[in-house]
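Participant: Next come a sequence and a model predicted from it.
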Amino acid sequence: MAGSFVGAIDQGTTSTRFMVFDHDGAEVARHQLEHEQLLPRAGWVEHNPVEIWERTSAVVQTALGKAKLDASDLAAIGITNQRETTLVWDRRTGRPLHNAIVWQDTRTDGIAAALDRDGRGDVIRHKAGLPPATYFSGGKLQWILDTVPGVREAAERGDALFGTPDTWVLWNLTGGPDGGVHVTDVTNASRTMLMDLETLQWDEELLGFFGVPRAMLPEIRESSATTPFGTTLRNGPFGGEVPITGILGDQQAATVGQVCFAPGEAKNTYGTGNFMLLNTGTEIVRSKAGLLTTPAYQLGADPCVYALEGSIAVTGSAVQWLRDQLGIISGAGESEALARQVDDNGGVYFVPAFSGLFAPYWRSDARGAIVGLSRFNTNAHLARATLEAICYQSRDVVEAMTADSGVELEVLKVDGGVTANRLCMQIQADVLGVPVSRPVVPETTALGAAYAAGLSVGFWSSTDELRQNWREDTRWEPEWGEDRRAEGYARWQKAVQRTLDWVDV
């Protein structure tokens, strides 16, 4: 049946997936492929843009093939993506001019520190809602312009294009060098330190801070398109023409997928990192507690809705570290079984500040630390401490959100791969002292992108209709007493202090 489904490309930090959803928001098809993590130096993290595009094409073709679907079955497509990862490519050839610099990369710590030393950081905080940090795209783009031979000259000619992965995927889907559309949305643009939160456009003063030529930047548009961003090509991975009508950064997409459409509603996504967003409505709430002020979404011609965000760099990737670097588990799923061998952390706290500390600390000088070790401790204690680190970092963000908004959290909606770890979600409820709720469809990032695309073409009529699709799958109630909760958090905060001032910036 023509146009019975909506598709979503989810281009993430470690993998790319394509999912298809029906009108009830239920999954119809999916395929997912990992891509290589390139680590050329300590603190540097890169991706191969060509590999990302190849993986995108492959997951689309495979998912559609397995489900016996084609382009005519799709009413629209949405795109969601790792947000601050920075790509620069040649408009004429489509060739990347450098590997993508990933949001976790810390090579720009000197750029970030200089911004704060001379007062430009305060301007960025006010206009962009962000602290100067290695996390965001602007410094990464400056590094490419200043370091890679010929890129600045190409950018000034208009031959070098910048984008986050949404822009790269959209450009390739719509023709690449032969007429590809160079567009992003407000949520992704807001993560660059180059967009003004009030005007929702590139800001000349901010561009000047980083020396970025305006000609290389994509057009900023709404998240759910008033008119399609572009259309897929007949000779592309979809094998036909489908309108591309939704773009959202991954955490904002999860906010839409969790139907957090009312001020005060919050969600936490557990992926490579953790990202908690609190809807603040159409009001720009400027954080005083170390959070980010960011667009949550802009649906069609409606006003932009904003959020406070707590971004945590390393959570699910800490479990990957146990697997890949330490070798104490052979798969991420084993972390739960190993951690269940002990009743508590045995006094061990693990602060995985591999990329410094993000919200609410914003300390690029921090590095990871495991503290409290004794001969008594085993790999099971470290596994449990890793799960607890995910949950304690989330509590740091909740505390900051309460301080900024005055809203006490009543329940935390959760999604993402780590939510399959039932022990971790129980610890999260225990650490926060509030229930934790997981929906039937845990991959809400892709679902949110599909919702944005479907709203644009009338596949769904309103956000009220989307709310009817949300259903709870599992709820975890707190089991710890207040004394244990307070003692554990106090020791966590003490452990965090041990990570500071490790790197000179």
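Facilitator: Yep, it's here. Numbering: from 1, shown residues only.

Participant: Let me see the ranges of the helices in the stretch 351-500 of the chain.
Facilitator: 379-405, 422-432, 444-457, 463-469, 482-497 (DSSP state H, counting those that start in this stretch).

Participant: most packed of those?
Facilitator: helix 444-457 (a mean of 30; mean count of other CB atoms under 10 Å). (Each C-beta comes from the backbone N, C-alpha and C, glycine too.)

Participant: Point out the other helices and strands that that one packs with.
Facilitator: strand 5-11, strand 15-21, strand 74-81, strand 243-249, helix 250-257, strand 266-270, helix 463-469 (3 or more CB pairs under 8 Å, 6 or more residues apart in numbering; DSSP states H and E).

Participant: 7 Å - rerun?
Facilitator: strand 5-11, strand 15-21, strand 74-81, strand 243-249, helix 250-257 (3 or more CB pairs under 7 Å, 6 or more residues apart in numbering; DSSP states H and E).

Participant: Can you tell me how far the residue of the chain positioned farthest from its centre is from residue 322?
Facilitator: Residue distances from the centre of the chain (CA atoms, centre = their mean) peak at residue 375, which lies 38.1 Å from the mean C-alpha position. Counting by CB to CB, to the nearest Å, the separation of residue 375 from residue 322 is 20 Å.

Participant: Residue 422 now?
Facilitator: On the measure of CB to CB, residue 422 and residue 322 end up 18 Å apart.

Participant: and residue 225, what is it in contact with?
Facilitator: Residue 225 makes contact with 245, 246, 456, according to CB atoms under 7 Å, 6 or more residues apart in numbering.

Participant: how near is it to residue 215?
Facilitator: Residue 225 is 23 Å from residue 215, by CB to CB.

Participant: same deal with residue 31?
Facilitator: Taking CB to CB, one finds residue 31 at 37 Å from residue 215.

Participant: Ok, residue 327 next?
Facilitator: 48 Å.

Participant: Residue 135 too?
Facilitator: Counting by CB to CB - residue 135 and residue 215 are separated by 25 Å.

Participant: Pick out whichever of those two has more residues nearby.
Facilitator: Regarding residue 135 and residue 215, a neighbour count based on other CB atoms under 10 Å identifies residue 135 as having more, with 29 against 15.

Participant: Quick check: the more buried one touching residue 83?
Facilitator: No. Between residue 135 and residue 83 there is no contact under CB atoms under 7 Å: 9.4 Å.

Participant: Next, the contact list for the closest residue in space to residue 356 that isn't next to it in sequence, please.
Facilitator: Once flanking residues are discounted, residue 356 sits nearest to residue 364: 4.0 Å by CB to CB, 6 or more residues apart in numbering. Each residue near residue 364 by CB under 7 Å, 6+ apart is listed here: 106, 109, 112, 133, 134, 356, 505.

Participant: Drop the exposed ones from those residues and show what's left.
Facilitator: 106, 109, 112, 133, 134, 356 (16 or more other CB atoms under 10 Å).

Participant: now, which of the contacts of residue 225 sits nearest residue 42?
Facilitator: residue 246 (37.4 Å; CB to CB).

Participant: these two touch, right, that closest one and residue 222?
Facilitator: No. At 9.6 Å, residue 246 does not count as touching residue 222 under the criterion of CB under 7 Å.

Participant: quick one: which of these two has more around it?
Facilitator: Shown here are residue 246 and residue 222; by other CB under 10 Å, residue 246 has more neighbours (35 against 24).

Participant: And that one, how close does it get to residue 84?
Facilitator: From residue 246 to residue 84 the distance is 20 Å (CB to CB).

Participant: Also residue 226?
Facilitator: In terms of CB to CB, residue 226 sits 26 Å off from residue 84.

Participant: what does residue 401 give?
Facilitator: Residue 401 is 21 Å from residue 84, by CB to CB.

Participant: can you give me the strands in the stretch 1-150 of the chain?
Facilitator: 5-11, 15-21, 27-34, 46-47, 74-81, 87-90, 100-101 (DSSP state E, counting those that start in this stretch).

Participant: Residue 138: what's it in contact with?
Facilitator: 192, 193, 194, 210.

Participant: which residues sit in contact with residue 485?
Facilitator: 430, 431, 433.

Participant: Could I get the phi/psi values of residue 107?
Facilitator: phi -70, psi -20 (degrees, to the nearest 10).

Participant: Nearest residue to it in space, please, no chain neighbours.
Facilitator: Residue 107 sits nearest to residue 44 (CB to CB, 6+ apart), 5.4 Å away.

Participant: Give the ranges of residues in the stretch 401-505 of the chain that sit below the confidence cut-off.
Facilitator: Flagging of the stretch 401-505 of the chain using pLDDT under 70 yields the residue ranges 505.

Participant: 50 instead?
Facilitator: For the stretch 401-505 of the chain, no stretch has pLDDT under 50.

Participant: Run a quick neighbour tally on residue 268.
Facilitator: So residue 268, with other CB under 10 Å, has 30 neighbours.

Participant: was I right about it contacting residue 277?
Facilitator: No. Counting by CB under 7 Å, residue 268 does not reach residue 277; the two are 8.2 Å apart.

Participant: Now do the contacts for residue 282.
Facilitator: With CB under 7 Å, 6+ apart, residue 282 has these contacts: 303, 304, 305, 306.

Participant: ok, 10 Å please
Facilitator: Taking CB atoms under 10 Å, 6 or more residues apart in numbering, we find residue 282 in contact with 263, 302, 303, 304, 305, 306.

Participant: One more: residue 230?
Facilitator: Contacts for residue 230 (CB under 10 Å, 6+ apart) come out as 77, 170-171, 173-175, 179-183, 242-245.

Participant: thinking again about what came up before, take the contacts of residue 138 and keep only those in helices.
Facilitator: residue 210 (DSSP state H).

Participant: Of the contacts of residue 138 - the most surrounded one?
Facilitator: Result: residue 193 is most packed of those (other CB under 10 Å), 32 neighbours.

Participant: Return the per-residue confidence for it.
Facilitator: Predicted confidence (pLDDT) for residue 193: 97.

Participant: Then the one 3 residues further on?
Facilitator: The score at residue 196 is 97. That number is its pLDDT.

Participant: what's the answer for residue 129, then?
Facilitator: Reported pLDDT for residue 129: 93.

Participant: ranges for the helices of the stretch 201-350 of the chain?
Facilitator: Using DSSP H, counting those that start in this stretch, helices in the stretch 201-350 of the chain cover 204-210, 250-257, 316-321, 334-339.

Participant: where among these is the average confidence lowest?
Facilitator: helix 316-321 (a mean of 89).

Participant: what's in contact with that one?
Facilitator: 13-14, 37, 104, 269-274, 314, 324, 328-329, 331-336, 350-352, 354-355, 368, 383, 385-387, 389-390, 393, 416-418, 421, 424.

Participant: switch the cut-off to 8 Å
Facilitator: Helix 316-321 has contacts (CB atoms under 8 Å, 6 or more residues apart in numbering) with 14, 104, 270-274, 314, 329, 332, 335, 350, 352, 354, 386-387, 389-390, 416-418.

Participant: low-confidence ranges in this structure?
Facilitator: Those would be 1, if you go by pLDDT under 50 across the chain.

Participant: Try it again at 70.
Facilitator: In the chain the weaker segments, taking pLDDT under 70 as the threshold, are 1-2, 505.

Participant: For residue 201, grab the count of nearby residues.
Facilitator: Residue 201: 13 neighbours (other CB under 10 Å).

Participant: and what of the one 10 residues further on?
Facilitator: Residue crowding around residue 211 was assessed by other CB under 10 Å; the count is 13.

Participant: how far away is it from residue 353?
Facilitator: Residue 211 is 30 Å from residue 353, by CB to CB.
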